[in-house]
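*Asks:* this is the structure alone, sequence omitted:
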């Protein structure tokens, strides 16, 4: 019975890999192994199938340094497992807590950034991940993250010069997919967010020659099946103590919400969420193909009038791919204009869409086209902006009326067209000062920095250990509504653990933050006081009492979350 069970699960995985073409003969595949059930089972399953698939396996491990000796023990477990089976081993570590503190982000986002940066290095899309050392060697002195390669052969000839692996396989399961979709639904999302975890992610090389992939072969398999599989093999694994901690949102969804839905409403709810994600991915693929055609036909791209006569700009009105234009540095221009042209930002190009065509299309097409114009031109359009543009387009009235959009863009209503006008850099900054209201609770999308600032109430009943304690504020001490903006001349901030307040300009100079990022650095203001600043702990006098173990006072969490939290709503 033991052999039948193992063969059945391996056969199921083999069929899935072949149907989805996730792995092909000759692929050098690194299995991302944390030491937990999912990743260890993935490694053992692929070891069984490697001859059938014709792949070369190695093991990849990232130590996030979040659980001290426990994290190090996880790495040693994976290294031992790798040695037992004679596989190559690539390991790296990074200080996740430090990165989260510096960027004002959550631990989960910081961990993903470090982990996927390592993956990209191994796939040849980033910096050289260092030449592999001799058997058993541990690389030292490699900067913020320590890398090692054991029993590693040099890359084969004829491949990308920085490539060590062709693909990296991660252990995301059917349960992970359901949890992701449910969490996005609870948070608020659209079709793009419902697509959940993709079976593959293509990682382009920096020189655009070839690519690697991150693949998720286990998305059709339940976690319980993998646990049974390892038990039958008598293969041990490591238990991450944080996975059982209900302080974390995903764990509460996993331990409380999904079991409740399965028990009380639908025994197949996990499979249903996974099917919904697959439908949403196919829908997104369809829309992407449709939009690529519309962007080259019904949407016309043209050179802004104000750029005519400036050296470095050509007449590009007939070019359909203007969205990629970055003008060459003008040889003759006023210094201020020259500086603005050199700044990163939205494309310097106008876009026009037929107004009669737009108004006669279904609402779904209207929204998608406007969203695509914004994404291609660099206009950060939220749902509310798109609805406002559609109302504006449908209004009767004389042509020539304009509607203001983010980043200084405008949309001009003409009889036959809606024209998106890039800001005139002769008269304003490429990315002007910004200021947004921050509701509590709620979020503010900050397109100027490509991020989202979120404010949450953390009550005494909440499991506040999930959050970065240095970002928790005492809500009752704040003197007014919250506003997110870039810092201004004269602004001061007093981060905890420092002797006195300092000018924000000096704080950023000490961190060696370069322009234009320095000028756009986000802060949160309450009344006339800066109470939060990206990458710095909140002022000591404002820190929530819950930090000292006193839970009678509710706290306020302000944090920056990934841009795609807002972008997936359409």
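*Replies:* Cool, got the structure. Bear in mind that the values here come from a model prediction, so they are computed numbers and not experimental data.

*Asks:* low-confidence ranges in the stretch 151-300 of the chain?
*Replies:* Scanning the stretch 151-300 of the chain for pLDDT under 70 picks out 151-163, 205-210, 244-247.

*Asks:* quick one: the helices in it?
*Replies:* 174-187, 191-194, 223-233, 249-252, 258-264, 269-295 (DSSP state H, counting those that start in this stretch).

*Asks:* possible to save those helices as TSV with mean neighbour count and distance to residue 217?
*Replies:* C-beta: built from backbone N, CA, C; applies to glycine. Output for these, formatted as TSV (neighbours: other Cβ atoms under 10 Å; distance: least, Cβ to Cβ, whole Å):
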stretch	mean neighbour count	distance to residue 217
helix 174-187	20	12
helix 191-194	19	22
helix 223-233	17	12
helix 249-252	16	21
helix 258-264	13	22
helix 269-295	16	14
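
*Asks:* which one of these lies closest to residue 111?
*Replies:* Closest approach to residue 111 among those (Cβ to Cβ): helix 249-252, 12.4 Å.

*Asks:* what helices and strands are in contact with the closest one?
*Replies:* For helix 249-252, the elements it packs on are helix 174-187, judged by 3 or more Cβ pairs under 8 Å, 6 or more residues apart in numbering; DSSP states H and E.

*Asks:* rewinding a little: would you reformat the helices of the stretch 151-300 of the chain as CSV and include distance to residue 509?
*Replies:* Output for those, formatted as CSV (distance: least, Cβ to Cβ, whole Å):
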stretch, distance to residue 509
helix 174-187, 36
helix 191-194, 38
helix 223-233, 49
helix 249-252, 37
helix 258-264, 48
helix 269-295, 42
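
*Asks:* out of those helices, flag the one nearest residue 64.
*Replies:* Of all the helices of the stretch 151-300 of the chain, helix 249-252 comes closest under Cβ to Cβ, at 15.4 Å.

*Asks:* distance between the closest one and the chain's centre?
*Replies:* Mean-position distance between helix 249-252 and its chain equals 19 Å (Cα atoms, centre = their mean, to the nearest Å).

*Asks:* one more: stretch 218-233?
*Replies:* For stretch 218-233, the distance to the chain centre is 28 Å (Cα atoms, centre = their mean).

*Asks:* number the chain from 589, please
*Replies:* All right, first residue 589 from here; so that's stretch 806-821.

*Asks:* residues in contact with it?
*Replies:* Residues from elsewhere that reach stretch 806-821 (Cβ atoms under 8 Å, 6 or more residues apart in numbering): 590, 593-594, 597, 600-601, 604, 625-626, 628-630, 632-633, 759-765, 785, 787, 824-825, 858, 862.

*Asks:* are we agreed that residue 648 is in a strand?
*Replies:* Yes - inclusion of residue 648 in a strand is indicated when DSSP: H, G, I helix; E, B strand; the rest coil is applied.

*Asks:* that one: what's it in contact with?
*Replies:* 618, 619, 620, 621, 678, 679, 706, 707, 710, 753, 756.

*Asks:* which ones among these are found in helices?
*Replies:* Among these, DSSP state H puts 706, 707, 710 in helices.

*Asks:* the second one contacts residue 756, correct?
*Replies:* Yes - with contact taken as Cβ atoms under 8 Å, residue 707 and residue 756 are classed as touching, separated by 5.1 Å.

*Asks:* now the common contact residues for the two.
*Replies:* 620, 648, 802.

*Asks:* so the first one bridges to which residues?
*Replies:* In this structure, residue 620 bridges to residue 648 when assessed by DSSP bridges.

*Asks:* correct me if wrong: it contacts residue 707.
*Replies:* Yes - Residue 620 is within contact range of residue 707, at 7.3 Å (criterion: Cβ under 8 Å).

*Asks:* in JSON lines: the shared contacts of residue 707 and residue 756, plus distance to residue 885.
*Replies:* Output for those, formatted as JSON lines (distance: Cβ to Cβ, whole Å):
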{"residue": "620", "distance to residue 885": "42"}
{"residue": "648", "distance to residue 885": "44"}
{"residue": "802", "distance to residue 885": "34"}
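
*Asks:* from these, which is closest to residue 1091?
*Replies:* Out of the shared contacts of residue 707 and residue 756, the member with the shortest distance to residue 1091 (by Cβ to Cβ) is residue 802, at 42.8 Å.

*Asks:* and for the closest one, the neighbour number?
*Replies:* The local packing of residue 802 (other Cβ atoms under 10 Å) involves 21 other residues.

*Asks:* need the nearest residue in space to it, chain neighbours excluded.
*Replies:* In this structure, residue 802 finds its nearest non-sequential neighbour in residue 789, 4.4 Å apart by Cβ to Cβ, 6 or more residues apart in numbering.

*Asks:* do residue 887 as well
*Replies:* Residue 887 sits nearest to residue 941 (Cβ to Cβ, 6+ apart), 5.1 Å away.

*Asks:* try residue 629
*Replies:* In space, residue 629 is closest to residue 814, 3.8 Å off (Cβ to Cβ, 6+ apart).

*Asks:* which residues are common contacts for residue 620 and residue 707?
*Replies:* 648, 756.

*Asks:* all helices of the stretch 989-1138 of the chain, in order?
*Replies:* 1092-1098.

*Asks:* just for it, where's the confidence low?
*Replies:* 1014-1019, 1048-1057, 1103-1104, 1132-1138.

*Asks:* kindly recompute the last result at 50.
*Replies:* Filtered on pLDDT under 50, the stretch 989-1138 of the chain yields the residue ranges 1049-1051, 1134-1138.

*Asks:* distance check, the spatially closest residue to residue 849 that is not a sequence neighbour against residue 779.
*Replies:* Nearest in space to residue 849, with sequence neighbours left out and distances taken as Cβ to Cβ, 6+ apart, is residue 857 at 4.5 Å. Note on residue 857: its distance to residue 779, by Cβ to Cβ, to the nearest Å, is 20 Å.

*Asks:* same question, residue 1111
*Replies:* Distance, residue 1111 to residue 779, by Cβ to Cβ: 34 Å.

*Asks:* in a strand, that's where residue 610 is, yeah?
*Replies:* No - if the criterion is three-state DSSP, then residue 610 is coil and not within a strand.

*Asks:* could I get the buried residue list for stretch 656-669?
*Replies:* For stretch 656-669, a neighbour-count test (16 or more other Cβ atoms under 10 Å) marks 659, 662, 663, 665, 666, 667, 669 as buried.

*Asks:* looking at those residues, which is nearest residue 685?
*Replies:* residue 659 (11.2 Å).

*Asks:* which residues touch the residue nearest to residue 858 when sequence neighbours are not counted?
*Replies:* Distances taken as Cβ to Cβ, 6+ apart place residue 766 nearest to residue 858, at 4.2 Å, with adjacent residues excluded. Contact analysis of residue 766 by Cβ under 8 Å, 6+ apart lists 846, 857, 858, 859, 861, 862.

*Asks:* ok, now residue 1001?
*Replies:* 943, 980, 981, 983, 985, 987, 988, 989, 990, 991.

*Asks:* partner residues bridging residue 1149?
*Replies:* Residue 1149 has these beta-bridge partners by DSSP bridges: residue 1040.

*Asks:* for the stretch 889-1038 of the chain, which segments count as strands?
*Replies:* With DSSP state E, counting those that start in this stretch applied, the stretch 889-1038 of the chain shows strands at 938-942, 989-992, 998-1001, 1005-1009, 1023-1026, 1030-1034, listed in chain order.

*Asks:* what residues sit buried inside the fifth one?
*Replies:* When neighbours are counted by 16+ other Cβ under 10 Å, the buried residues of strand 1023-1026 are found to be 1024, 1026.

*Asks:* same check, this time on stretch 1065-1075
*Replies:* 1065, 1066, 1070, 1072, 1073, 1074, 1075.

*Asks:* of all the residues you listed, which comes closest to residue 976?
*Replies:* residue 1072 (20.6 Å).

*Asks:* touching, the closest one and residue 1027? I think so.
*Replies:* No - applying Cβ under 8 Å, one finds residue 1072 not in contact with residue 1027, separated by 10.6 Å.

*Asks:* please name the bridge partners of the closest residue to residue 801 other than its chain neighbours.
*Replies:* With Cβ to Cβ, 6+ apart as the criterion, residue 801 has its nearest non-adjacent residue at 4.7 Å, and that residue is residue 755. Beta bridges link residue 755 to residue 617, residue 801, judged by DSSP bridges.
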